[in-house]
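Colleague: Can you look at this prediction? I've put the sequence above it.
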Protein chains: 2
Amino acid sequence: MAEEPRTPESGPPSSAAEIAAAWRREQPGVPTESIEVVTPIWRLGKLFADDRARALRAAGIDAATLDLLSVIRRAGPPYALTTREITRRALVTAGAISQRVARAEGQGLVERATHPPNTEDTGLRAVWVSLTDAGHALIERSVSEVLTREAALVNGLTEPERRSLITLLDKLTHQVRERTDGPAR
Amino acid sequence: MAEEPRTPESGPPSSAAEIAAAWRREQPGVPTESIEVVTPIWRLGKLFADDRARALRAAGIDAATLDLLSVIRRAGPPYALTTREITRRALVTAGAISQRVARAEGQGLVERATHPPNTEDTGLRAVWVSLTDAGHALIERSVSEVLTREAALVNGLTEPERRSLITLLDKLTHQVRERTDGPAR
DNA sequence: CAGATTACGTTTAGCTCTAAACAGGCCTAT
DNA sequence: ATAGGCCTGTTTAGAGCTAAACGTAATCTG
C-alpha cells in the first residue's frame, strides 16, 4: 500500500488505524488489535462529554450534577436514594458522590436525611438524598435537552447499525468486566 | 447453596437498557435512543483506563506519561516532535501537555530544545520534545505490556465482530465530529 | 521598518476527582 | 451487656486537568 506521510502537518488527530500501523512499523511483533477499538471509544467518550458540557453550561448546571439528579429522578417517586445506591450507579468513588451531594445541597437542588422517606430502610446507617422542587424542575428541563441533542448525534447511524453497535458494545463490556474482574471501582 | 448475606441491591450497575427504560417510564416522550450507545462507551472507556492505570502502576509510570512518550516513540526517528504536534494528537489541552512535558523532563524521560534536531522546522517558534535514553527504554518496556494486556481484553470478540465494531465506531466518530464541529480540544 | 497581528508555548487560579484516613451506626458472639 | 467487627458515609491531602491570562517569536501591513 501507499506509505503514509511521516508527519502529517496540521490536520485531524491521527486515526486509530494510523496509530496501529505506526506501532507495527516501529516495533514489529507488538499486538495492535486493541488500538482500533480502544482509541475510538476514548475519543467518542470525550466528544460526547464535551458536547454535553457545552450544552449544560447554558442551562447553568454541570455534568456531574446532572448525573446526580438524573439517577434520583429516574428512580421514580418518592425521588430519594441512599448515597450507597447512587455510588453504585455512577462511575466515580463514594467520596466524589459525597462531594457532589454537598455541592448540590448548597445549591438547593437536593436534601439529605438520615431517615428514609418511607419506613423502608436498608437496615444500615443510610443517608437518603432526595430532590427538592428546584432540583426536580432543573432536571426535568435539562434532561430533555441533553437527550434530544445526543439523539441527533447518534441518528446518523441506521437503525440496524445502531442495534448492531449496541449488541457489540454490550458483549465487549461483559467480556472486559469478567477479564479485568477487578472491583470495577 | 451459596449463602446470601449481601444487602438486597448490591449488584452490577444498571444496564444502559434499564436506564433508557426508566426514562421512557418516568418521562414519556423524551428521546432515549442515544443512551444505549453513549453509556456503554463511557463505561468501557473507564474500564480500559482503570485497567491500564493498574498495570502501569507496577511499571512506575502513569497513563499521562505513557501517552506522551508513546506519541513521540511511534513517530519514529529521530524521536522528536513539537509541543503543538503532540497536543494535536492528544485528548487534552496545550496547557496539560506543557505540564506533562515538564513532569517527564523532571524525571529525565524527555528533553526540550528550541531548535529542531534537523534543519526541519515548522517556521514558527517551535519547541521540540525528544526522548532521552531512559525515556526510550521505559516506553519500549511499557507499551508492549499494555498492548498485550489490552489485546487480551478485546480477544473475546471474533474477528468479524471486531472488524464490524471498528467500522461502526469509525462511522459514528465521523458523524459526531461533523455534527458537533466544536473546538473540542 | 515600526507597529500590529498571529502562532506557540507556559503559567496560574480554581475545580473535581482519587485514595486513604476517619467517624459512627448496626450486628453478632461470647 | 459489651466488645469487636462490619458497613456507610464524610473528610482531607494531593494530583492532574481546564480556561484564561500571559510572554514571546515570527509574520504581515502600511
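Modeller: Great, that's in hand.
Colleague: Around DNA strand D, which positions in chain A sit nearby?
Modeller: A:82-84, A:87, A:94-95, A:97-99, A:101-102, A:112, A:122, A:124-127 (Cβ under 7 Å from any atom of the strand). All C-beta atoms are positioned from the backbone trio N, CA, C, and that covers glycine.
Colleague: could you flag which of these are buried?
Modeller: The neighbour count (16 or more other Cβ atoms under 10 Å in any protein chain shown) marks A:82, A:83, A:84, A:87, A:97, A:101, A:126 as buried among these.
Colleague: quick one: what helix or strand has the third one in it?
Modeller: Using DSSP states H and E, residue A:84 sits within helix A:83-88.
Colleague: Can I get that helix as CSV, trimmed to CA atoms?
Modeller: What follows is helix A:83-88, C-alpha atoms only, in CSV (Å, rounded to 0.1, in the frame of the first residue of the first chain):
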residue,chain,number,x,y,z
THR,A,83,-25.7,7.5,48.9
ARG,A,84,-24.6,3.9,48.5
GLU,A,85,-27.1,3.3,45.8
ILE,A,86,-26.1,6.5,44.0
THR,A,87,-22.5,5.5,44.1
ARG,A,88,-23.3,2.0,42.7
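Colleague: Quick one: list the elements packing against that helix.
Modeller: In terms of contacts (3 or more Cβ pairs under 8 Å, 6 or more residues apart in numbering or on different chains; DSSP states H and E), helix A:83-88 is packed against helix A:63-73, helix A:94-106.
Colleague: tell me the angle the first one makes with helix A:94-106.
Modeller: Counting by axes from the mean of the first three to the mean of the last three Cα atoms, to 10 degrees, helix A:63-73 lies at 90 degrees to helix A:94-106.
Colleague: where does chain A have low pLDDT?
Modeller: Low-confidence segments of chain A (pLDDT under 70): A:1-12, A:115-124, A:182-185.
Colleague: residue ranges of the strands in it, please?
Modeller: Taking DSSP state E as the test, the strands found in chain A are A:80-82, A:110-113, A:128-131.
Colleague: just the ones you listed: most buried one?
Modeller: Using mean count of other Cβ atoms under 10 Å in any protein chain shown, the stretch among these with the largest mean neighbour count is strand A:128-131, at a mean of 22.
Colleague: ok, so of the buried ones among the residues of chain A next to DNA strand D, who is nearest residue B:64?
Modeller: residue A:97 (24.7 Å; Cβ to Cβ).
Colleague: so what's the residue lying closest to the closest one once chain neighbours are set aside up against?
Modeller: Here the nearest residue to residue A:97 in space, its sequence neighbours aside, is residue A:87; by Cβ to Cβ, 6 or more residues apart in numbering or on different chains that works out to 4.8 Å. Residue A:87 sits next to A:93, A:94, A:97 when contact means Cβ atoms under 8 Å, 6 or more residues apart in numbering or on different chains.
Colleague: Now narrow those residues to whatever sits close to DNA strand C.
Modeller: Residues of those in contact with DNA strand C (Cβ under 7 Å from any atom of the strand): A:93, A:94.
Colleague: Can stretch A:125-140 be said to contact chain B?
Modeller: Yes. Judged by Cβ under 8 Å from any Cβ of the partner chain, stretch A:125-140 and chain B are in contact via residue A:140.
Colleague: Please list all residues in contact with residue A:130.
Modeller: A:72, A:78, A:79, A:80, A:110, A:111, A:113, A:117.
Colleague: ugh, typo on my part, it should be residue A:104
Modeller: A:65, A:68, A:69, A:110, A:135 are the contacts of residue A:104 under Cβ under 8 Å, 6+ apart.
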